[in-house]
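Engineer: How does the following fold in three dimensions:
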Amino acid sequence: FYTKGQEFRTWLLEERKINPEAISKDQEKKEFSKFVEDFNTATLPHEKYYHMEAYERRMTALRSGEYLPPAEDSYDPAMDLKAHSSKHKKTPVEQESYLSKEQLQTLRKVQHERIEAGKMKLLGMDVKTNMGVRMDGTAFD
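Structural biologist: Alright, predicted model coming up:
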């Protein structure tokens, strides 16, 4: 009611020929329900009853001599699908890795060994000295 009050009052005056200040709250609610039904089914007789401010801006621009393209009243399903799919796109993830698959598996093994060694230390167990260490081929000569 509050967001479409201006449009409703204009519709009430121009289409229904009723003064919005002279009717009761109950009658106003009934008239508003008729307005909302027509609004939701897109059967209002003029475009200004849908968005009064946009209509007034457009008319002011036309009166001042500006050229405006016609209002877009058509539904474009391709644009709707594009907007929907763009909302659900995942951010691109870097696919390249500087390590080979074997090196990545070795790193994973070392990570698991380090976690295991940490748990063993917490339990007071003896931990091997080479556990959780990654050797990179040079073997520290």
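
Engineer: For the spatially most central residue of the chain, list the residues it contacts.
Structural biologist: Residue closest to the average C-alpha location in the chain (C-alpha atoms, centre = their mean): K87, at 5.8 Å. By C-beta atoms under 8 Å, 6 or more residues apart in numbering, no residues touch K87. C-beta here means a position set from N, CA and C on the backbone, and glycine is covered the same way.

Engineer: now swap in the one 10 residues further on and tell me
Structural biologist: Applying C-beta under 8 Å, 6+ apart to S97 gives the contacts L104.

Engineer: Three-state assignment for it, please.
Structural biologist: Using DSSP: H, G, I helix; E, B strand; the rest coil, the structure places S97 in coil.

Engineer: In terms of pLDDT, where does it sit?
Structural biologist: pLDDT recorded at S97 is 71.

Engineer: quick one: low-confidence ranges for the protein?
Structural biologist: Low-confidence segments of the chain, defined by pLDDT under 70, span residues 67-76, 90-95, 132-141.

Engineer: Just the buried positions in the helix or strand harbouring H112, please.
Structural biologist: Taking DSSP states H and E as the criterion, H112 maps to helix 101-122. Within helix 101-122, the residues scored as buried using 16 or more other C-beta atoms under 10 Å are E113, A117.
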